[in-house]
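>>> After the sequence you'll find the predicted model.
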Amino acid sequence: MSDTREISVTVNGETHKDTVETRMHLGDFLRLQLRLTGTHLGCEHGVCGACTVLVDGEAVRSCLMLAVQADGKDVTTIEGIANGEELHPVQRAFRENHALQCGFCTPGMIISLIAFIKENPGATESDIRTAISGNLCRCTGYQSIVAAGVQAASEMSGAS
């Protein structure tokens, strides 16, 4: 018999009340119970960064956070960052710089960069490289991801 708890969490602007096992990770809650499959689970040890989401505006590895810890919090996943049909500047920069191949790491990279650039407007190439150093990509070689980050940082700081 497992221990369960009732939680209320706002995900991408919509409040969800659900019963979860106390041992369920936030990433599993998002994918399995809410069917938001954009958050990818890779290593499940907090190493790869694929599962990164925003919790109250901070980048968090959803494989390391329990769903019960998200009770009362505001969670933003990759599905919630665009404004309708208008892409977020980081998403747009990824598209324009061809910064993805297989796409597995992309949601975590984008979410990580959104949180970083928000705290570091006008981030440089070196800053962007440091910011994504905790996110693993096996396909791109990172150059296009870095270029997308620099473009987005410039746009988001108003320096176009």
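Perfect, I can see it now. Keep in mind that what you see is a predicted model, and the values were worked out from it rather than measured.
>>> if you skip the residues just before and after it, what's nearest to residue 49?
residue 135 (3.3 Å; CB to CB, 6 or more residues apart in numbering). Heads up, the C-betas are built off the backbone N, CA and C, glycines and all.
>>> isn't the one you found right up against residue 46?
No - using CB atoms under 8 Å, residue 135 makes no contact with residue 46, being 11.3 Å away.
>>> and these two? which has more neighbours close in?
The residue with more neighbours, out of residue 135 and residue 46, is residue 135; 23 against 15, by other CB atoms under 10 Å.
>>> what sits against that one?
48, 49, 50, 52, 105, 108, 109, 112 (CB atoms under 8 Å, 6 or more residues apart in numbering).
>>> tally of neighbours for the fourth one?
Translated: residue 52. With other CB under 10 Å as criterion, residue 52 counts 30.
>>> The fifth one too?
Residue crowding around residue 105 was assessed by other CB under 10 Å; the count is 25.
>>> Phi, psi for it please.
Phi and psi for residue 105, reported as degrees, to the nearest 10, are phi -80, psi -20.
>>> got the contact list for it?
40, 42, 48, 49, 50, 135, 136, 137, 138, 139.
>>> What residue, apart from its backbone neighbours, is nearest the third one spatially?
What sits nearest to residue 48 in space, not counting adjacent residues and going by CB to CB, 6+ apart, is residue 42, at 3.9 Å.
>>> State the distance from that neighbour to residue 108.
8 Å (CB to CB, to the nearest Å).
>>> what do the two both touch?
Shared contacts of residue 42 and residue 108, counting by CB under 8 Å, 6+ apart, come down to 48, 49, 50, 51.
>>> I'd like the distance between the first one and residue 41.
Meaning residue 48. 9 Å.
>>> neighbour-wise, which of the two wins?
When residue 48 and residue 41 are compared for neighbours, residue 48 comes out ahead with 22 against 16, by other CB under 10 Å.
>>> how about that one, what does it touch?
Counted by CB under 8 Å, 6+ apart, residue 48 has contacts 42, 105, 108, 135, 136.
>>> Many thanks, I have nothing further to ask.
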